[in-house]
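> Sequence first, then the predicted structure:
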Amino acid sequence: MTPLRRIAVLSVHTSPLEQPGTGDAGGMNVYIAQTATRMANRGVAVEVFTRATSSDLPPVAELAPGVTVRHVVAGPFEGLAKDELPGQLCAFTAGVLRAEARQEPGHYDVVHSHYWLSGQVGWLARERWGVPLVHTAHTLAKVKNAALAEGDTPEPRMRVIGEEQVVAEADRLVANTAVESRELVDLYDADPSKVLAVPPGVDLERFTPGSQAEARQRLGLPADAVVLAFVGRIQPLKAPDVLLRAAARMVADAPGLRERLVVLVVGGPSGSGLEQPRALQELAGELGLLDVVRFMPPQRGAALAQVYRAADVVAVPSHNESFGLVALEAQACGTPVVAAAVGGLPIAVVDQVTGLLVPDHDAGTWSRVLGEVALRPALREELASNAVGHARRFSWDRTTEALLDGYVEARRDFLSAFDRREVAV
């Protein structure tokens, strides 16, 4: 079998060129950008297809040497919510197929779709191009609907059906954890032989331990502050409100803490959070925390690492999380994590070793657990030391190698099945 030459990556609703932490950009963007770049470094070209969201975007852009991003015109450039995108899948698919039609036959070896919308496009591309479809869900509707935040909107039936169709048609399903693998099998009737668990990674060159004092100085924070941080998209699913309510409880229980407590909220509104973009700021006012909470826009690269280093604790209170890249990044910087015991977070965070896991979303519970770490330097230092070592077990190089192995296996099985069909005919 010839070696892999070129992979088509489908990311309909968000581009790897976008800033994670706001809108629809998050961990999936990081995942695609990091793995695509590393594939290109290994001599495998990657072309990423994503929907154009501005008339100013060039038809083709380079993310890194060997990684091309193609902006496909499908629907209005702006003002189109993610739940409106299914109506544009025909136009997007036409653009993808048109781009491939200009190439020699066999231009792509594999198509890898990310999120269910892309999976619908990949399903058709698989049939038209005669290549295997590898699909990564990133989140699953049935899992999200079973763990909704109070007042959050359930994922629609259309998405559930769409996911079921993609699971049935894909040649390989990439899950972030063994937990997600079981969910695909148990909730979506996936063929276990087609499910591949590949943990995401962390950029171990960018996210490293560093001086907390220096990081706080750069952010304008007092050296002796007690700093709790939330990093991510601001939406009910990510539950930043849990951190604010816990902080309010901490101040109520120990009024003297107010003079030192700083709560960093780094990110922008996303998903259902866009319906009330200032809801978290308003909650901070209702809780009497406007002098404690500091809101920051999404941070990129070295600036994000400084946020992690400045914190005593990074909180990840999500109601559901397929893995939790923020938890890994924080630990790689030597900062303990307090996280909800949901989804893949018990893998990203080793309870009582690299951080603490919280069994619920009660403000009282979170207040107590956050205080255990933030206000106990000896425990915090022990967790921080362990966190760095744990994070080093996860790398994007390791993730990329596993994906490439999965592509080879999917292609081998796909071609073998094709040969059997030819013989039968």
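Cool, the structure landed. Numbers count the residues shown, from 1 in each chain.

> What segments of the stretch 251-400 of the chain are strands?
Assigned by DSSP state E, counting those that start in this stretch, the stretch 251-400 of the chain shows strands spanning 261-266, 293-296, 313-316, 337-340, 355-358.

> Could you pull up the mean pLDDT of the longest one?
Read that as strand 261-266. Averaged over strand 261-266, pLDDT sits at 97.

> Adjust the sequence numbering to begin at 27 for everything that follows.
Happy to do that; since the first residue is 27 now, the last one works out to strand 287-292.

> Tell me which strands it pairs with, and in which orientation.
Each strand paired with strand 287-292, and its direction, by DSSP bridges: strand 252-257 (parallel), strand 319-322 (parallel).

> Deepest in the core, which of those is it.
strand 252-257 (a mean of 25; mean count of other CB atoms under 10 Å). Quick note: C-beta positions are derived from backbone N, CA and C, even for glycine.

> Tabulate the strands paired with strand 287-292 in CSV, adding columns for distance to N171.
CSV is the format used below for these (distance: least, CB to CB, whole Å):
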stretch, distance to N171
strand 252-257, 24
strand 319-322, 29
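
> got a list of contacts for whichever strand or helix holds L123?
According to DSSP states H and E, L123 maps onto helix 115-127. Identification of contacts with helix 115-127 by CB atoms under 8 Å, 6 or more residues apart in numbering yields 34, 36, 38, 75, 77, 96, 98-101, 133-134, 143, 146-147, 150-151, 154-155.

> could you redo the last one with a cut-off of 6 Å?
Residues outside helix 115-127 that contact it (CB atoms under 6 Å, 6 or more residues apart in numbering): 38, 75, 77, 98, 100, 133, 146-147, 150, 154.

> Okay, and which of the residues you listed map to strands?
Residues of these located in strands (DSSP state E): 75, 77, 98.

> returning to what we had before: want to throw the strands paired with strand 287-292 into CSV with distance to D279 and mean pLDDT?
Formatted as CSV, these follow (distance: least, CB to CB, whole Å; pLDDT from 0 to 100):
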stretch, distance to D279, mean pLDDT
strand 252-257, 13, 98
strand 319-322, 18, 96
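
> Double-check R406 against G397; I have them as touching.
No: contact criterion CB atoms under 6 Å: R406 and G397 do not qualify, at 11.1 Å.

> ok, S442 to P158 distance?
Separation of S442 from P158 (CB to CB, to the nearest Å): 11 Å.

> Neighbour count: these two, which is higher?
Neighbours per residue (other CB atoms under 10 Å) separate S442 from P158, with P158 holding more: 26 against 10.

> List the contacts of the more buried one.
By CB under 6 Å, 6+ apart, the contact list for P158 reads 136, 197, 436-437, 440.

> Domains in this structure, by residue range?
Listed domain ranges for the chain are 32-227+422-449, 238-418 (source: the TED database).

> got the end-to-end distance for the last one?
Meaning domain 238-418. Terminal residues of domain 238-418 are spaced 20 Å apart (CA to CA, to the nearest Å).

> what about the protein, any weak spots by pLDDT?
Along the chain, the model assigns pLDDT under 70 to residues 27, 46-51, 296-303, 444-451.

> For the ones in strands among the contacts of helix 115-127, pick the one with the most neighbours.
F75 (27 neighbours).

> Enumerate every residue touching it.
F75 makes contacts with 36, 96, 98, 122, as judged by CB under 6 Å, 6+ apart.

> Could you rerun that using 7 Å?
Applying CB atoms under 7 Å, 6 or more residues apart in numbering to F75 gives the contacts 34, 36, 96, 98, 122.

> ok, now R406?
By CB under 7 Å, 6+ apart, the residues touching R406 are 338, 362, 399.

> out of those residues, who's nearest N55?
Of all the contacts of R406, N55 sits closest to P362, with 25.7 Å by CB to CB.

> Would you map the helices across the stretch 227-376 of the chain?
Along the stretch 227-376 of the chain, counting by DSSP state H, counting those that start in this stretch, helices occupy 238-245, 266-279, 305-312, 328-336, 351-358, 371-374.

> Reformat these as a markdown table; add mean neighbour count.
Formatted as a markdown table, those follow (neighbours: other CB atoms under 10 Å):
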| stretch | mean neighbour count |
| --- | --- |
| helix 238-245 | 17 |
| helix 266-279 | 22 |
| helix 305-312 | 16 |
| helix 328-336 | 21 |
| helix 351-358 | 29 |
| helix 371-374 | 23 |
